[in-house]
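> Sequence and predicted structure below; questions after.
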Amino acid sequence: MKHLYLIRHAKARQAEGDQPDHERPLRPRGHRQLAAMAHPLERLGAFDGALHLSSATRARQTLLGLAVALPAQDLTKRAHHADDLYVFDARQLRRWLRESAPDDDTLALIGHNPALLTLAQWLADPPPERLSTGGALHLALPVARWAELDKRCATLAASLEPTEVSHALFKRSAPKAPDLDGLPLPERIRTRLLHHYQRVRDLEPGVKAGWDPEFLHQYRVNLRRSRAIAESLLAITPKPKVKKALKGVTRSARATSRLRDLDVFLMGLATRPEGERGPIAPAVAAWLHDQAEAEHRALCQRLASRRYQKELQRWRDALDAKPLRNLLKSLEPEAIEQVLGERMARHDTQWRALDDDAPDEAIHALRKTVKRVRYLGELAPDRHRELLDRLPARQTLLGDFQDLASQRGLLADFRAAPAAAALSTEASDALADWDRTLAGRMAELRREILALPPLGEAPTGSD
């Protein structure tokens with residue numbers, strides 16, 4: 001079995017003046033792509049064998065960018081530069097592989113399109129559709145020697161793009177949110193819903209790749225905002241067909257909850273100073289990683305399922321369908337004001353019912369109500385600017401409380417898992433101390449939440 005990694009050079013500058021194509025350097029964006037791609041490529045095994053690259057400046061700088069991010073790999077000393085790989089014709093690459101490739105079972109090539117993509121499309125069944133700058137394709141080939149390469153003999157084992165491993169890079173290239181200023185209220189709401197839908201679909205590759213947790217977070221945000229806006233509309237004028245289509249959006253958002261909790265916990269562990277981690281942290285982190293991988297596999301299966309695709313398409317169709325359009329046409333700002341007032345009153349009733357002994361679920365319910373108030377207020381932000389300015393601090397408190405509650409729940413799951421059965425006395429004591437620390441932080445946040453003013457109360461200094 002042979003493994004071939006085809007790595008396209010990172011984003012390069014256009015030639016200036018009479019500068020030869022061979023000498024084109026990377027753009028700053030290209031260097032950002034390499035910083036994002038280096039560790040995912042390493043984990044995919046791209047550098048486990050021989051490494052060959054085009055002699056072009058942009059290919060050599062691609063190698064250097066990867067080498068800087070992966071100093072232990074010693075890539076610059078291991079790599080072989082070849083003029084024969086500065087080619088744009090896949091037939092020349094095939095000839096090089098058959099006649100000049102080393103005997104290594106794993107081979108990585110840093111080169112150029114269209115040669116790399118065309119080669120992959122000739123080898124793989126089914127063929128890959130694209131290979132962007134800084135991207136990579138991993139082909140598994142059931143051959144003993146490179147000379148045995150044949151059409152459709154390979155399997156596409158993995159495909160990786162910079163915009164799938166880094167949300168920051170995705171955000172730079174993604175379409176901007178639509179400008180809603182001046183739009184009538186019905187069109188503004190529908191435009192927002194369409195934008196959230198499209199953003200969900202655009203984020204799916206990054207969610208499935210699983211390298212950057214921010215993809216999952218933004219995927220959840222756009223699903224939940226879609227749900228909150230639609231629920232606000234349905235609270236004003238019930239429409240059964242819209243409500244039915246919304247169920248798939250709700251299921252998709254709920255399917256991400258535990259993975260998001262695991263990601264948040266793991267990110268928090270990674271940022272804790274070494275001296276604060278204690279003897280139990282490595283065992284907990286390993287268990288969290290295993291749980292996150294299992295949740296991610298399940299989520300990927302869901303995203304690939306026909307049911308998911310049908311649910312999302314049903315929601316997209318609903319955004320163009322007559323029931324929603326009629327609902328939006330009949331929508332009046334006064335109706336939004338009425339529902340917003342009801343939700344603020346619900347929030348204040350929930351808040352007043354809280355005390356030191358209130359269950360954590362009551363604070364979680366309050367958090368969801370705050371989100372619904374916010375999303376409803378954002379339908380007419382100019383009318384509710386003062387309210388919207390007051391909500392972020394409240395949401396942060398409630399969100400931090402919920403994160404800590406989730407972490408205590410995950411620690412309890414770990415304690416009940418087989419991985420905790422052989423813990424030493426010291427480790428068991430550390431786990432109990434960790435839980436008490438989280439409980440203490442939650443108690444502090446609870447006191448801050450209880451000290452908040454009700455939403456219906458005018459801020460100090462107002463007329």
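That came in fine, so what should we check first? Residues are numbered from 1 along each chain as shown.
> Can you give me the neighbour number for H39?
H39 has 14 neighbouring residues, counting by other C-beta atoms under 10 Å. For the C-beta atoms, the positions are set from N, CA and C on the backbone; glycine is no exception.
> for the one 3 residues further on, same thing?
When neighbours are defined as other C-beta under 10 Å, E42 has 17 of them.
> try L131
Neighbours of L131 (other C-beta under 10 Å): 23.
> likewise R8?
Neighbour tally, R8, other C-beta under 10 Å: 26.
> Could you do T271 as well?
Neighbours of T271 (other C-beta under 10 Å): 7.
> I'd like the average pLDDT over the helix or strand L388 falls within.
According to DSSP states H and E, L388 maps onto helix 385-416. Helix 385-416 shows a mean pLDDT of 94.
> Check which helices and strands it sits against.
Packing partners of helix 385-416 (3 or more C-beta pairs under 8 Å, 6 or more residues apart in numbering; DSSP states H and E): helix 257-271, helix 281-304, helix 360-377, helix 425-450.
> I'd like these laid out as a markdown table, including distance to Q19 and mean pLDDT.
Shown next, in a markdown table, are the helices and strands packed on helix 385-416 (distance: least, C-beta to C-beta, whole Å; pLDDT from 0 to 100):
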| stretch | distance to Q19 | mean pLDDT |
| --- | --- | --- |
| helix 257-271 | 43 | 91 |
| helix 281-304 | 44 | 95 |
| helix 360-377 | 51 | 92 |
| helix 425-450 | 58 | 93 |
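> buried sites along the helix holding L388?
By 16 or more other C-beta atoms under 10 Å, the buried positions in helix 385-416 come out as 387, 391, 394, 397-408, 410-411, 414-415.
> Please apply the same query to stretch 125-140.
Those would be 128, 131-139, for stretch 125-140 by 16+ other C-beta under 10 Å.
> Looking at these, point me to the pair that's furthest apart.
The span of the buried residues of stretch 125-140, defined through C-beta to C-beta, is set by T133 and L139 at 19.0 Å.
> The stretch 101-250 of the chain: helices as residue ranges?
115-123, 162-165, 167-173, 185-209, 213-236, 240-254 (DSSP state H, counting those that start in this stretch).
> A422 is nearest to which of these?
That would be helix 213-236 among the helices of the stretch 101-250 of the chain, by C-beta to C-beta, at 29.8 Å.
> low-scoring stretches of the protein, by residue?
272-278, 457-463 (pLDDT under 70).
> Quickly list the domain ranges of it.
Following automatic domain parsing, the chain resolves into domains at 2-13+24-169, 184-331, 332-455.
> Deepest in the core, which of the ones you listed is it.
domain 2-13+24-169 (a mean of 19; mean count of other C-beta atoms under 10 Å).
> Could I get the phi/psi values of the residue nearest to L117 when sequence neighbours are not counted?
Counting by C-beta to C-beta, 6 or more residues apart in numbering, L131 is the residue found nearest to L117 once chain neighbours are left out, at 4.3 Å. With angles defined as degrees, to the nearest 10, L131 sits at phi -150, psi 100.
> Let me have the buried residues of stretch 125-140 in JSON lines, extended by distance to A209.
Compiled in JSON lines, the buried residues of stretch 125-140 are given as follows (distance: C-beta to C-beta, whole Å):
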{"residue": "P128", "distance to A209": "15"}
{"residue": "L131", "distance to A209": "15"}
{"residue": "S132", "distance to A209": "13"}
{"residue": "T133", "distance to A209": "17"}
{"residue": "G134", "distance to A209": "14"}
{"residue": "G135", "distance to A209": "11"}
{"residue": "A136", "distance to A209": "12"}
{"residue": "L137", "distance to A209": "14"}
{"residue": "H138", "distance to A209": "13"}
{"residue": "L139", "distance to A209": "18"}
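> Give me the subset of the residues you listed lying in strands.
Among the buried residues of stretch 125-140, DSSP state E puts 136-139 in strands.
> Now stretch 111-131 - C-alpha only, CSV.
Output of stretch 111-131 as CSV, limited to C-alpha atoms (Å, rounded to 0.1, in the frame of the first residue of the first chain):
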residue,chain,number,x,y,z
GLY,A,111,3.5,21.4,-6.3
HIS,A,112,1.1,23.2,-8.5
ASN,A,113,-2.3,23.1,-10.1
PRO,A,114,-3.8,22.0,-12.4
ALA,A,115,-1.2,19.2,-12.4
LEU,A,116,-1.9,18.1,-8.8
LEU,A,117,-5.7,18.1,-9.0
THR,A,118,-5.8,16.5,-12.5
LEU,A,119,-3.4,13.8,-11.2
ALA,A,120,-5.7,13.1,-8.2
GLN,A,121,-8.8,13.0,-10.5
TRP,A,122,-7.1,10.5,-12.7
LEU,A,123,-6.0,8.3,-9.8
ALA,A,124,-9.0,8.5,-7.4
ASP,A,125,-12.4,7.0,-7.6
PRO,A,126,-14.5,9.0,-7.0
PRO,A,127,-12.3,11.9,-8.0
PRO,A,128,-11.8,15.0,-5.8
GLU,A,129,-13.5,18.2,-7.0
ARG,A,130,-11.0,20.8,-5.9
LEU,A,131,-7.6,21.5,-4.4
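> L404 is in contact with R441, correct?
Yes. Using C-beta atoms under 8 Å, R441 is in contact with L404, at 5.6 Å.
> how distant is the helix holding L388 from the center of its chain?
Remark: helix 385-416 is offset 20 Å from the chain centroid, using C-alpha atoms, centre = their mean, to the nearest Å.
> got the angle for that helix vs helix 281-304?
With axes from the mean of the first three to the mean of the last three C-alpha atoms, to 10 degrees defining the directions, helix 385-416 sits at 110 degrees from helix 281-304.
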